[in-house]
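Q: Have a look at this fold, sequence not included:
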């Protein structure tokens, strides 16, 4: 039996139905933790150049595929499996990642969803530099960061978000890329982000003068849909280190996926490709929360839910294009039972609240800021904002 959440509308019968449904749902233990992605991949067997593939995807779908984590890589491989007649034609497929021929390099964390913040760095004095150009990967030496060539072999630190012991010093000398693969295969990823590096468990690791790889790297690759995804899973270390400023104007490189790894090829080469369909849509019309809810249900499916960091990344990508400071989501507070819930049956397990947000209130709904860190704010449901719907 499935019981759905309903909106706590001003009409008393709707409110009564909602409270009854919530109560039954809690008693039955039917609250679900949905990890569905808000996008679908579509493998296209036609061989095209990267630019032709991009044009096709934008006309027929949303864009060339963006990849956010290893789960997406698995989905890509499942989508491509058995769809081609020959192993040769299936060996590589374009995705939406392209090397930029101009502009500055950008720092990223290896762990998906971890955003690099330049104000939270721990560079050693004089770093980063490029004395052994290119130096695009980072080591930790006694709490300070130094950038090294990614081909250097160092010991490294893995992070595991599923075990009581979260940080693991691996005393094997590996290149940065091999270290990343080992961490992803056996733990979660290379240690990433200031929250992990300032964690008390991390800071009590034995002090050492050794250079230890962490999950920080820089490159010039960008996604076709302008996504901020930092996910990279290169097959060869040359891809990670092939980002020097010299000669970039002549490099027209685009990314392919094969056997679960990324590699690059000349963008004028012809390959099959992977598109994606976005399941969220921004409505640039100002409405109250309940008006937005009615609109989504009439024209699409529902106000959008954000139940994990991947959905957060997808929704905030759309929120950036809004013309209001916030966008409504399908997040609502029930005053009677005293908790927040999503309209799509998920409990609020993943959270991205602004730290100074208002106290809970009976007429409160959840909105995401369209700039800054895209945090969630508790807003009066009578305010009018743009909003984000789930497509049918």
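A: Happy to help now that I have it. Owing to the predicted nature of the structure, the values given are computational and were not obtained by experimental measurement.

Q: what's the residue nearest to residue 194 when sequence neighbours are not counted sitting at in phi/psi?
A: Leaving aside its sequence neighbours, residue 194 sits nearest to residue 120 (Cβ to Cβ, 6 or more residues apart in numbering; 4.0 Å). Just so you know, the C-beta spots here come from the backbone N, C-alpha and C atoms, and that holds for glycine as well. Per-residue torsions, residue 120: phi -120, psi 30 (degrees, to the nearest 10).

Q: Residue 360 versus residue 120, what's the distance?
A: According to Cβ to Cβ, to the nearest Å, residue 120 and residue 360 sit 30 Å apart.

Q: so where's the stretch 251-392 of the chain shaky on pLDDT?
A: 251, 357-358 (pLDDT under 70).

Q: give me that answer again for 80
A: Along the stretch 251-392 of the chain, segments meeting pLDDT under 80 span 251, 310, 345, 356-359.

Q: Tell me where it has strands.
A: Per DSSP state E, counting those that start in this stretch, the stretch 251-392 of the chain carries strands over the ranges 253-258, 261-266, 271-278, 280-287, 302-303, 326-334, 339-342, 364-369, 376-380, 385-390.

Q: what comes into contact with the first one?
A: Contacts to strand 253-258, defined as Cβ atoms under 8 Å, 6 or more residues apart in numbering, come from residues 50, 67, 73, 76-77, 80, 91-99, 221, 235, 242, 262-267, 271, 274.

Q: Adjacent strands (with direction) for that strand?
A: Partners of strand 253-258 in the sheet, by DSSP bridges, are strand 93-99 (antiparallel), strand 261-266 (antiparallel).

Q: what's the angle from the last one to strand 271-278?
A: For strand 261-266 against strand 271-278, the angle between stretch directions is 120 degrees (axes from the mean of the first three to the mean of the last three Cα atoms, to 10 degrees).

Q: residue boundaries of the strands in the stretch 101-250 of the chain?
A: Here the stretch 101-250 of the chain has its strands, by DSSP E, counting those that start in this stretch, at 106-109, 137-141, 144-148, 154-159, 167-174, 189-190, 212-219, 221-223.

Q: Quick one: list the elements packing against the fifth one.
A: It refers to strand 167-174. Applying 3 or more Cβ pairs under 8 Å, 6 or more residues apart in numbering; DSSP states H and E, one finds that strand 167-174 contacts strand 154-159, helix 176-186.

Q: which of those is buried the deepest?
A: Highest mean neighbour count among the helices and strands packed on strand 167-174 (mean count of other Cβ atoms under 10 Å): strand 154-159, with a mean of 23.

Q: got the angle between that strand and strand 137-141?
A: 90 degrees.

Q: contacts for strand 154-159?
A: 111, 139-140, 148, 166-174, 176, 179, 182-183, 186-192, 196, 202, 205, 210-215.

Q: Just the buried subset of those residues, please.
A: Those of the contacts of strand 154-159 that meet the buried threshold are 111, 139-140, 148, 166-168, 170, 174, 176, 179, 182-183, 187-192, 196, 202, 211-215, by 16 or more other Cβ atoms under 10 Å.

Q: about what we covered before: what number of residues lie near the residue nearest to residue 194?
A: Neighbour count for residue 120, taken as other Cβ atoms under 10 Å: 11.

Q: Residue 57 against residue 272, yeah?
A: No - counting by Cβ atoms under 8 Å, residue 272 is not a contact partner of residue 57; they are 12.0 Å apart.

Q: where do the contact lists of these two overlap?
A: With Cβ under 8 Å, 6+ apart as the test, residue 57 and residue 272 both reach residue 44.

Q: These two: who's more crowded?
A: Neighbours were counted for residue 57 and for residue 272 using other Cβ under 10 Å; residue 57 has more, 25 against 21.

Q: Got the confidence number for the nearest residue to residue 213 once chain neighbours are set aside?
A: Excluding its sequence neighbours, the residue lying closest to residue 213 (Cβ to Cβ, 6+ apart) is residue 156, at 3.7 Å. Looking at residue 156, its pLDDT stands at 96.
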